[in-house]
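Participant: sequence isn't available, so here's the structure alone:
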């Protein structure tokens, strides 16, 4: 009985540490401006040594972000206002030593660039600035909302934090027109 207690206790501490670390590594900033809801975010611990090795081997690397805008509803299930799936990928060519980077939102290619610089690759894969989510006409004035983002990286062998396959974070805001 005593041994089971300690095993469960240690497992709970490890799980709490993993959740705490994952929540701290995803920074989210929602902005309601110009009749549009935008979200900016970055994964601070996302570009690990394992990711760097996978990229340098020529393996296609993809970061996928599932984004949800939800309205807080007291004593009920929160209502989903808008969703988006954003992804960034890198295909490194060992012969030319260049990275081909692309960004897609909901399956449509937004932008593609070619670079030789690792700093550009790091920023491209882990940071998004002012991604449009929806029009503010879908929001009710003076209501509380939050943006929840789940980030995953492929190849799966090298996770974002070395602890889990995905991390999740959220940021609250009140819509004031």
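Facilitator: In hand now; what should we look at? Note that this is a predicted model, so its numbers are computed, not measured.
Participant: the helices in this protein, which residues?
Facilitator: 2-25, 49-56, 118-126 (DSSP state H).
Participant: show me what the second one is packed up against.
Facilitator: Going back to what we said before, that points to helix 49-56. Here helix 49-56 touches strand 61-71, strand 79-93, helix 118-126, going by 3 or more Cβ pairs under 8 Å, 6 or more residues apart in numbering; DSSP states H and E. Any C-beta I mention is one placed from the backbone N, CA and C, and that applies to glycine too.
Participant: repeat that for 10 Å
Facilitator: Packing contacts for helix 49-56, counted by 3 or more Cβ pairs under 10 Å, 6 or more residues apart in numbering; DSSP states H and E, involve strand 61-71, strand 79-93, helix 118-126, strand 143-154.
Participant: same list (the ones you listed) but as TSV, adding mean neighbour count.
Facilitator: TSV is the format used below for these (neighbours: other Cβ atoms under 10 Å):
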stretch	mean neighbour count
strand 61-71	19
strand 79-93	17
helix 118-126	17
strand 143-154	19
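Participant: what's the local residue count around residue 117?
Facilitator: 11 (other Cβ atoms under 10 Å).
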